[in-house]
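Colleague: Sequence and predicted structure below; questions after.
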Amino acid sequence: MLTQLQSTHVQRFTFFALFFALFFSCSRQAYAQQPATQSNAKSAFEAQLINIEAAANEPFRYNATLRNAAGEATLYDLDAQLPAGWQISYRVQGSFVKSIRLEAGQMQDISIEVSATHSSKPNKYNVPVRAVSKQDTLTLNLEAVVKGSYSIEMTTPTGLLSDEVVAGSSKEIQVVLKNTGTLPLNDVELTSQLPTKWEAAFEPANIKQIEPGKTVDVKINLKVPDKTIAGDYVAKFTAKNPNGSAEVSFRAVVKTSMLSGWIGVLIILIAIGLVYYLIRKYGRR
């Protein structure tokens, strides 16, 4: 009986000894393999969103990440192949950069902004961006989808941007808004920047939509206050919406009214007559 119990304890001991030996052996192998897995990581230049759609006169903004998996610090130069006339800029932590130095194993977020020409036609454009080092060239293939362009023009029917106006009166000015882009302009608002105490009223003051190639006529009632000194004044009128704006500077030549002129002459004559009377009365003494 005693011999049987001893045999059972030996078997149990042997089982647990084999189990722990196998466990520690696997753990050591896993620990030994971990650095090898990290060392197999590759440097990369990546972005979550590589395809962005915008108007030709709006920037295309991408958020990219550059990873240096080399075993040493590496300097990367940033460049891109762009369509003719396009521009690109890179920012790291808000500062513009052309190159970036990364320590071994370091990752860095990079903001990329691409600007198309206003004349770019609606299409999908490929924008390969590269991070070039002495050891490697990492390429990030971006796509910019131009959906059209926003553009607005503001002028007068005759093209003239000056006129005479009498102090204390109002002047009606006609302006024309034209959508010179390829996309509709929505919620266009008209505003003014005027000399002190001048007033301007627009009809209409807000335009819901202007289709591409279409025009809208706007009347401006410009009111000049009394006692405005004669001379040249500039009134600025602006048409804008979130996608663009246009501005014209109207030169108003203020003239005094005939009544004001005659009143001035009358005051001068009265002053002369008064001086003459005083000289006649007190001059003999």
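Modeller: All right, it came through fine. Residues are numbered from 1 along each chain as shown.
Colleague: Does Val51 touch Glu143 like I think?
Modeller: Check again: residue 51 is Asn, not Val. Yes: applying C-beta atoms under 8 Å, one finds Asn51 in contact with Glu143, separated by 4.3 Å. Every C-beta, even on glycine, is put in place using the N, C-alpha and C of the backbone.
Colleague: Next, give phi and psi for the residue nearest to Asn243 when sequence neighbours are not counted.
Modeller: Nearest non-adjacent residue to Asn243, counting by C-beta to C-beta, 6 or more residues apart in numbering: Tyr150, 3.9 Å away. With angles defined as degrees, to the nearest 10, Tyr150 sits at phi -110, psi 130.
Colleague: what do you get for Leu274?
Modeller: Dihedral angles (degrees, to the nearest 10) for Leu274: phi -70, psi -40.
Colleague: what about the closest residue to Gln87 other than its chain neighbours, how many neighbours?
Modeller: Excluding the flanking residues, the one nearest Gln87 by C-beta to C-beta, 6+ apart is Ser115, at 4.6 Å. Per other C-beta atoms under 10 Å, the neighbour tally for Ser115 reads 19.
Colleague: Spit out the contact partners of Ser115.
Modeller: Applying C-beta atoms under 8 Å, 6 or more residues apart in numbering to Ser115 gives the contacts 59-60, 86-88.
Colleague: Could you single out the nearest of those residues to Ile207?
Modeller: Pro59 (25.9 Å; C-beta to C-beta).
Colleague: is it true that that closest one touches Ile112?
Modeller: No: here Pro59 lies out of contact with Ile112, judged by C-beta under 8 Å, at a distance of 9.9 Å.
Colleague: Ala44: how many residues sit nearby?
Modeller: 14.
Colleague: Run through the bridge partners of it.
Modeller: Arg67 (DSSP bridges).
Colleague: One more: Glu203?
Modeller: Assessed by DSSP bridges, Glu203 has beta-bridge partners Lys219.
Colleague: same thing with the one 4 residues further on?
Modeller: With DSSP bridges as the criterion, Ile207 is bridged to Val188.
Colleague: these two touch, right, it and Lys178?
Modeller: No: here Ile207 lies out of contact with Lys178, judged by C-beta under 8 Å, at a distance of 11.7 Å.
Colleague: Helix, strand, or coil at Ile279?
Modeller: Put simply, Ile279 is helix when judged by DSSP: H, G, I helix; E, B strand; the rest coil.
Colleague: go on, Ile270?
Modeller: Under three-state DSSP, Ile270 comes out as helix.
Colleague: what's around it, how many residues?
Modeller: 10.
Colleague: Which residues are in contact with it?
Modeller: Ile270 neighbours (C-beta under 8 Å, 6+ apart): none.
Colleague: Return the distance of it relative to Ala47.
Modeller: The gap separating Ile270 from Ala47 is 83 Å, by C-beta to C-beta, to the nearest Å.
Colleague: got the contact list for Pro83?
Modeller: 116-117, 120, 125.
Colleague: show me where the protein has helices.
Modeller: 2-39, 258-282 (DSSP state H).
Colleague: and those, which one's lowest on average pLDDT?
Modeller: Lowest mean pLDDT of the helices of the chain: helix 2-39, a mean of 45.
Colleague: so which of the contacts of Ser115 would you say is closest to Gly231?
Modeller: Looking across the contacts of Ser115 and measuring by C-beta to C-beta, the closest to Gly231 is Pro59, at 42.9 Å.
Colleague: for that closest one, what are its contacts?
Modeller: When contacts are counted by C-beta under 8 Å, 6+ apart, Pro59 touches 113-115.
Colleague: do that again at 6 Å, thanks
Modeller: Neighbouring residues of Pro59 by C-beta atoms under 6 Å, 6 or more residues apart in numbering: 113, 115.
Colleague: So His118 is in contact with Gly85, correct?
Modeller: No: checked against C-beta atoms under 6 Å, the pair His118 and Gly85 is beyond contact range at 9.3 Å.
Colleague: By neighbours, which of the contacts of Pro83 wins?
Modeller: Busiest of these [other C-beta under 10 Å] is Ala116, holding 24 neighbours.
Colleague: what's the spacing between that residue and Glu247?
Modeller: The value you get for Ala116 to Glu247, if C-beta to C-beta is used, is 23 Å.
Colleague: same thing with Val145?
Modeller: 30 Å.
Colleague: I appreciate the help and will end here.
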